[in-house]
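**Student:** Coordinates only, no sequence provided:
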């Protein structure tokens, strides 16, 4: 009897603790929803850093604390509001380490700083550490401060690619792949020990173009000639005093000294507001009065069949089933005047890409007066480019990696590896090609011909769809296709995109095509829709929140490299042809 009372008491205490915990979270949620007050003559402090994801998290933490300024759009929106907010006098930009392997997102944020300065308000940048991306962002500010004990690690652009053929040879494995296009180099990371001539040519072209973009931006921001900037890059990295002497920064100072150096920042700490707080200020409070609605559909991550989600190694997965569901919701909403696709994807499954392409084409054809515009982030290559082409217009950042119009497929044969370990293998087949995707034996000549036939057929269809979309011919598209990756700036020169810019540029083009006045405010309706707070908390307590933990642990460049190389074996069906760009880590 006493034991039962003890058990009931323990269970009651556990239940009470759960109720109190949930009530606390709910109270935090409603407290956070009220939004902060903005003092007059305020300084807005923005601290971009980390991975800068495209979309804000909608787990419990993300729901409670609202929008996160450390998303690309969060940063841009904060500057949009501040430019119209009479209470905000200036911005203090303090970039922390930007863990980004590419340049498109940084360019989007830099564009937002440049646009903000046109309002007549000042931007001051403070660098505790000046890496290439941090400095690239800071160079758009009116003044740049560097901590006296820090360095300015500005040296140029380098790219790194890994080749595993030597490793496979050592363990007795054989990468048996077929690719269409001399520049479809994704399988080279398995089949080669180094660059092929075409691969090296493409890598050098991408590297050189990104280098010139870096030079041009620094020259513009620091009022120097491009030749002077190239000379300086060859002299980097710099200790703080040398960076000051070279005119790359304006002053050396600690953060607490900025108040005395920059009058517009003020000396009253109560007149500063953090970006994470300012994110909760409603656009309506600064005079934004939207009349029309434009849908923004985010397609982020590796494209695969089925539901989207998060893979512990490969990160965000853009599932075709989930994306099609969202497209249909948008299509059925007659209040939506235009659609913007925001793509940040290296591609993936050719089949899943085609499913998404088809649904977008239906949406476009169903209502021609409702335009579709694509906005490319860091990546929109291979399958990512495939799903971009149903749009009426395509916008990319100059540093976006896109194109990669090509396909590959194959398998890694591990029969030799197992043999070295003493494992015997026997196969029984019924059908000449029943073992075509067997991991124990390479393709026969007949099987390889079959795989190549399918690849050629898909490639022909890919090129044809691009030609139709870009109002070109298959021959002209083939000349710039063959799996070749281009920067956004190069893609514009070759007719693969229509304009350079970010999401704001795409929205402006969508407004023009939808006959919405250029000066009219619009409501951007984001898809996929955020879950409700109670859906998020139910899932968290239901035990399916482990992906959130992995997302915090899986943000390094090493994780990205492992993800890219393991994706074909982790995410896709056996033998599935892949429209996936090669992994390149750019610094």
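**Tutor:** The structure has been received and is ready for your questions. Quick caveat: nothing in here was measured; it's all calculated off a predicted structure. Numbers count the residues shown, from 1 in each chain.
**Student:** which residues touch residue 134?
**Tutor:** Contacts for residue 134 were tallied using C-beta atoms under 8 Å, 6 or more residues apart in numbering; they are 95, 96, 97, 98, 127. The C-beta positions use only the backbone N, C-alpha and C, and glycine is treated the same way.
**Student:** ditto for residue 194
**Tutor:** residue 163.
**Student:** and it, how far is that from residue 174?
**Tutor:** Separation of residue 194 from residue 174 (C-beta to C-beta, to the nearest Å) stands at 18 Å.
**Student:** Could you name the helices and strands sitting against the one helix or strand residue 337 maps to?
**Tutor:** Assigned by DSSP states H and E, residue 337 falls within strand 336-345. Contact partners of strand 336-345 among helices and strands, from 3 or more C-beta pairs under 8 Å, 6 or more residues apart in numbering; DSSP states H and E: strand 292-300, strand 372-381, helix 383-386, helix 503-513, strand 522-527.
**Student:** which strands and helices sit next to the shortest one?
**Tutor:** Right, helix 383-386. Packing partners of helix 383-386 (3+ C-beta pairs under 8 Å, 6+ apart): strand 336-345, strand 347-349, helix 350-366, strand 401-403, helix 445-469, strand 578-580.
**Student:** Go through stretch 372-385 and flag the buried ones.
**Tutor:** Under the neighbour-count criterion of 16 or more other C-beta atoms under 10 Å, stretch 372-385 has 372-385 buried.
**Student:** cool, stretch 449-463 as well?
**Tutor:** Of the residues in stretch 449-463, 450, 451, 454, 455, 458, 459, 462, 463 count as buried by neighbour count, 16+ other C-beta under 10 Å.
**Student:** Identify, from those, the entry nearest to residue 104.
**Tutor:** The closest of the buried residues of stretch 449-463 to residue 104 turns out to be residue 462 (C-beta to C-beta; 22.7 Å).
**Student:** ok, now which ones touch residue 525?
**Tutor:** Listed by C-beta under 8 Å, 6+ apart, the contact set of residue 525 reads 293, 294, 295, 296, 336.
**Student:** Same list (the helices and strands packed on strand 336-345) but as CSV, adding distance to residue 39 and mean pLDDT.
**Tutor:** Formatted as CSV, those follow (distance: least, C-beta to C-beta, whole Å; pLDDT from 0 to 100):
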stretch, distance to residue 39, mean pLDDT
strand 292-300, 32, 97
strand 372-381, 34, 97
helix 383-386, 43, 96
helix 503-513, 28, 97
strand 522-527, 28, 95
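**Student:** Residue 164 is nearest to which of the ones you listed?
**Tutor:** strand 372-381 (20.8 Å).
**Student:** Give me the distance between residue 145 and residue 92.
**Tutor:** Noted for residue 145: a distance of 10 Å to residue 92, by C-beta to C-beta.
**Student:** Is it correct that residue 462 is in contact with residue 483?
**Tutor:** No. Using C-beta atoms under 8 Å, residue 462 is not in contact with residue 483, being 10.3 Å away.
**Student:** Overlap of the contact sets of the two?
**Tutor:** 405, 406, 407.
**Student:** Chain neighbours aside, what residue packs nearest to the second one?
**Tutor:** For residue 406, ignoring the flanking residues on the chain, the nearest one in space by C-beta to C-beta, 6 or more residues apart in numbering is residue 483 at 2.9 Å.
**Student:** you'd agree the one you found is in a strand?
**Tutor:** No. Counting by DSSP: H, G, I helix; E, B strand; the rest coil, residue 483 is not found in a strand; it is coil.
**Student:** That one contacts residue 404, correct?
**Tutor:** Yes. Contact status for residue 483 versus residue 404: in contact at 5.8 Å, counting by C-beta under 8 Å.
**Student:** where do the helices sit along the stretch 201-350 of the chain?
**Tutor:** Here the stretch 201-350 of the chain has its helices, by DSSP state H, counting those that start in this stretch, at 226-235, 240-245, 258-261, 275-278, 320-331, 350-366.
**Student:** what's in contact with the longest one?
**Tutor:** Right, the one you point to is helix 350-366. For helix 350-366, contacts defined as C-beta under 8 Å, 6+ apart pick out 299, 303-305, 319-320, 323-324, 327-328, 330-331, 339, 341, 347, 372, 383, 386-387, 389-392, 407, 458, 465, 576-579.
**Student:** give me every residue that touches the residue nearest the centre of the chain.
**Tutor:** Central residue of the chain (C-alpha atoms, centre = their mean): residue 344, 4.2 Å from the mean position. By C-beta under 8 Å, 6+ apart, the contact set of residue 344 is 54, 104, 298, 299, 300, 301, 376, 377, 378, 379, 380, 384.
**Student:** now the first one: how far from residue 376?
**Tutor:** In this case it means residue 54. Using C-beta to C-beta, we find residue 54 at a distance of 11 Å from residue 376.
**Student:** And for the third one?
**Tutor:** Taking C-beta to C-beta as the criterion, residue 298 is separated from residue 376 by 12 Å.
**Student:** Kindly report the same for the fifth one.
**Tutor:** Using C-beta to C-beta, we find residue 300 at a distance of 12 Å from residue 376.
**Student:** shared neighbours of those two, anything?
**Tutor:** With C-beta under 8 Å, 6+ apart as the test, residue 300 and residue 376 both reach 343, 344.
**Student:** about what we covered before: any chance of the shared contacts of residue 462 and residue 483 in JSON lines, plus pLDDT and distance to residue 352?
**Tutor:** Converted to JSON lines, these look like this (pLDDT from 0 to 100; distance: C-beta to C-beta, whole Å):
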{"residue": "405", "pLDDT": "96", "distance to residue 352": "17"}
{"residue": "406", "pLDDT": "93", "distance to residue 352": "16"}
{"residue": "407", "pLDDT": "91", "distance to residue 352": "13"}
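**Student:** Against residue 207, how distant is residue 216?
**Tutor:** Distance, residue 216 to residue 207, by C-beta to C-beta: 15 Å.
**Student:** can you check residue 346 too?
**Tutor:** According to C-beta to C-beta, residue 346 stands 18 Å off from residue 207.
**Student:** and what of residue 450?
**Tutor:** When distance is defined by C-beta to C-beta, residue 450 is 37 Å away from residue 207.
**Student:** Name the nearest residue to residue 459, ignoring sequence neighbours.
**Tutor:** Closest to residue 459 by C-beta to C-beta, 6+ apart is residue 180, at 4.3 Å.
**Student:** I'd like the helices and strands packed on strand 336-345 as CSV, with distance to residue 84 appended.
**Tutor:** Formatted as CSV, the helices and strands packed on strand 336-345 follow (distance: least, C-beta to C-beta, whole Å):
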stretch, distance to residue 84
strand 292-300, 18
strand 372-381, 22
helix 383-386, 33
helix 503-513, 14
strand 522-527, 15
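**Student:** Residue 119: which of those is closest?
**Tutor:** Short answer: helix 503-513, nearest of the helices and strands packed on strand 336-345 by C-beta to C-beta, at 14.4 Å.
**Student:** tell me what that closest one is packed against?
**Tutor:** Packing partners of helix 503-513 (3+ C-beta pairs under 8 Å, 6+ apart): helix 72-84, helix 104-117, strand 292-300, strand 336-345, strand 372-381, strand 393-396, strand 522-527.
**Student:** which parts of that helix are buried?
**Tutor:** 503, 504, 505, 506, 507, 508, 509, 510, 511, 513.
**Student:** what separates the third one from residue 486, distance-wise?
**Tutor:** As defined by C-beta to C-beta, residue 505 lies at a distance of 18 Å from residue 486.
**Student:** go on, the second one?
**Tutor:** Between residue 504 and residue 486 the computed distance is 22 Å (C-beta to C-beta).
**Student:** which stretches of the stretch 451-587 of the chain have low pLDDT?
**Tutor:** 531-577, 583-587 (pLDDT under 70).
**Student:** Repeat the analysis, applying 50 as the threshold.
**Tutor:** Applying pLDDT under 50 to the stretch 451-587 of the chain flags the ranges 536, 539-555.
**Student:** Same question for the chain.
**Tutor:** Ranges of the chain meeting pLDDT under 50: 23, 25-34, 59-60, 66-67, 536, 539-555.
**Student:** switch the cut-off to 70
**Tutor:** Checking the chain against pLDDT under 70 turns up 1-35, 57-69, 312-314, 531-577, 583-587.
**Student:** Fine, thanks again, bye for now.
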